[in-house]
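In: Got a predicted model here, sequence first, then my questions.
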Amino acid sequence: MYFDVADECVVPDVMHDVLEGYLPYTTKLMLNYFISTRLFSNDDINSLMSNFDYGFEAISIPSPLTSTILQSADKTRLGQTTSQMWTLGRMLPVMIGHFIPQDDEHWVHYIQLLDIVDLIFAPTVNPETPGYLEVLIEENLEQFVTLYRESVLPKMHFLIHVPRLLARLGPLVRYWTMRYEAKHQYFKSLATHMGNFINVTFSLAMRQQSYQCYVLNSDSGFCFKSQIIGKGENITVQATNFKDQLSSYSLTEHDMVFCTQTAEVSGVKLKTGVAVVLSAEDKSHAKFGIVKNLFVVDNELILALHALEILEYSVHHHSWIVEESDRRSVMSAKSIPSRQVLTLRPIRDTFLKQFFVTLKYSL
């Protein structure tokens, strides 16, 4: 009947609502609960955090969790930046999951919250996602009040509207303020280091415009370079372990290919030893491969892969458990269905070559 501004126009900022609201609030309560039950100590957490292999998440390694921060009155304060909080939330199940009993109610609640976060931050939305997400959010909020006897914050309440807006507007990460905050960080860092406090806004504007002129006059402009190849060497196809697979590119054993350990394609950084998504239909049909070599054939980057055998999806660790197989394949880097580059993390207390694979967001 009437145009409702709040219903039609207001887009939620999932960065603030989740990464600076519900996730740190719940993480803080959950850690304090387990510390109080003596499953682990604050020192145990910090030791695990400092020795953890963050892989590609190393640019946002979480800060130590002091007892002062954990006991502070600020409910959503954990001493982390937004990107650090996202990393900490996703990595905690692999870090401390071995301490937690199976089916612990507080842990099940936290894992369900991570499922919600994965769905909200996914860059694509399936038709069934909003309805499923609505059920998860309702259950999770109800369980939060039951378990922790705490009030629901406004940022938590805003999540109720996420499924409806997700269906109407599409992936909400396309509207979040993360990129604006990143640009703001550039100005804050610049203001600190340039040492000019007479006319700060003028100095920042001049530096910004000078930088934009440089970018516009560079070869790439605003766009990623389509392909950046690292150092390497030319070898024969016969010298590789993928001569049969490379034959699909009309290469003989005596042909030369360029072999490198690192490369970047459309902003996606790749290197040997990382895992990539080979099939991104949904969680139940996911397929992964480990990059063994990177070849350049006719200026095209080719990934030489060993398939990762999926043993199971560990809900308790919010990760897949995989094992490297001998099945080999090659594929163009431009054909990777997902931009997620994943780190293989060895499973504790096992002599088998089994690894955890944790996604950054839902497929």
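Out: The structure has been received and is ready for your questions. Residues are numbered from 1 along each chain as shown.
In: Which residues are in contact with Ile347?
Out: By CB atoms under 8 Å, 6 or more residues apart in numbering, Ile347 lies in contact with Ile321, Gln354, Phe355, Phe356. Quick note: C-beta positions are derived from backbone N, CA and C, even for glycine.
In: Tell me, what's the model's pLDDT at it?
Out: Looking at Ile347, its pLDDT reads 88.
In: returning to what we had before: pLDDT check: weakest of the contacts of Ile347?
Out: Comparing the contacts of Ile347 by pLDDT, Gln354 comes last, at 90.
In: quick one, phi psi at that one?
Out: Backbone torsions for Gln354, taken as degrees, to the nearest 10, come to phi -110, psi 150.
In: returning to that earlier point: now intersect the contacts of Ile347 with the strands, please.
Out: Counting by DSSP state E, those place Ile321, Gln354, Phe355, Phe356 in strands.
In: ok, the residue lying closest to the first one once chain neighbours are set aside to Leu78 distance?
Out: Computed as CB to CB, 6 or more residues apart in numbering, the closest residue to Ile321 that is not its neighbour in sequence is Leu311, at 4.6 Å. To Leu78, Leu311 is 33 Å away according to CB to CB, to the nearest Å.
In: who's more crowded, those two?
Out: Leu78 (23 against 13; other CB atoms under 10 Å).
In: Now do the contacts for that one.
Out: Residues near Leu78 by CB under 8 Å, 6+ apart: Pro24, Thr27, Lys28, Leu65, Ile69, Leu70, Met85, Leu88.
In: Identify the farthest-apart pair in the residues you listed.
Out: Leu70 and Met85 (14.2 Å; CB to CB).
In: which of those two has more neighbours?
Out: Met85 (23 against 18).
In: Quick one: residues contacting the more buried one.
Out: Leu19, Glu20, Leu23, Pro24, Thr27, Pro62, Leu78.
In: Just put those in CSV and tack on secondary structure, distance to Glu150 and pLDDT.
Out: Shown next, in CSV, are these (DSSP: H, G, I helix; E, B strand; the rest coil; distance: CB to CB, whole Å; pLDDT from 0 to 100):
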residue, secondary structure, distance to Glu150, pLDDT
Leu19, helix, 19, 93
Glu20, helix, 17, 92
Leu23, helix, 15, 95
Pro24, helix, 13, 94
Thr27, helix, 13, 95
Pro62, coil, 23, 92
Leu78, coil, 15, 90
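In: Could you identify the most distant pair in those residues?
Out: So, the contacts of Met85 by CB to CB: farthest apart are Glu20 and Pro62, at 14.4 Å.
In: Look at those two and report which has more neighbours.
Out: Set Glu20 next to Pro62 and count neighbours by other CB under 10 Å: Pro62 wins out with 26 against 20.
In: In a helix, Glu264, correct?
Out: No. Using DSSP: H, G, I helix; E, B strand; the rest coil, the assignment for Glu264 is strand, not a helix.
In: Bridge partners for it, pull those for me.
Out: Ile228, Lys269 (DSSP bridges).
In: just checking, what's the longest helix in the chain?
Out: In the chain, with assignment by DSSP state H, the single longest helix is helix 129-148.
In: what distance separates it from the centre of its chain?
Out: 22 Å (CA atoms, centre = their mean, to the nearest Å).
In: Using PDB, write out the CA atom coordinates for the next helix or strand along the chain from that helix.
Out: Per DSSP states H and E, the first helix or strand lying C-terminal to helix 129-148 is helix 154-157. C-alpha atoms of helix 154-157 as PDB (Å, rounded to 0.1, in the frame of the first residue of the first chain):
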ATOM      1  CA  PRO A 154      20.300  -5.000  18.400                       C
ATOM      2  CA  LYS A 155      23.000  -6.300  16.000                       C
ATOM      3  CA  MET A 156      21.700  -9.800  16.700                       C
ATOM      4  CA  HIS A 157      18.100  -8.800  16.100                       C
END
